[in-house]
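[1] structure, please.
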Amino acid sequence: MMGYLDVATCLLVACILLPLGAWGRAQADSLVVDAIQGQERDERIAVLRRGALTCQVLSVVFFLAAFVLLVVN
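    The predicted structure is shown next:
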């Protein structure tokens, strides 16, 4: 029973991170305050996009972990 809870937890985390990362990448421009201009604005947008990409990569890792846990159990 405990193994299935681990699988469910991994799937839940993956299902939260994937759309969060997709939304973050799509909305990075609008999430940075308009008062910031120039190079600093571009850097902050890049940081948000990297963080969103990290969320998407981690969601894949959690999906794979859930698959491995399911196969092992």
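[2] residue contacts, Phe62?
    Residues near Phe62 by Cβ atoms under 8 Å, 6 or more residues apart in numbering: 10-11, 13-14, 17. Using the backbone N, CA and C atoms, a C-beta is placed for each residue, glycine as well.
[3] the most centrally placed residue in the chain - nearest residue in space that isn't next to it in sequence?
    In the chain, the C-alpha nearest the mean C-alpha coordinate belongs to Cys55, at 1.8 Å (Cα atoms, centre = their mean). Nearest non-adjacent residue to Cys55, counting by Cβ to Cβ, 6 or more residues apart in numbering: Gly21, 3.3 Å away.
[4] tell me how far the residue nearest to the centre of the chain lies from Leu48.
    Note on Cys55: its distance to Leu48, by Cβ to Cβ, to the nearest Å, is 11 Å.
[5] overlap in contacts, the two.
    Going by Cβ under 8 Å, 6+ apart, residues that sit against Cys55 and also against Leu48 are Gly24.
[6] can you report phi and psi for Ile36?
    Ile36 has phi and psi values of phi -90, psi 130 when expressed as degrees, to the nearest 10.
[7] how about the nearest residue to it, chain neighbours excluded?
    Among residues not flanking Ile36 along the chain, Arg44 sits closest, at 6.6 Å (Cβ to Cβ, 6+ apart).
[8] any regions of the chain where pLDDT drops low?
    Scanning the chain for pLDDT under 70 picks out 1-3.
[9] name the single longest helix found in the protein.
    Longest helix in the chain by number of residues (criterion: DSSP state H): helix 39-72.
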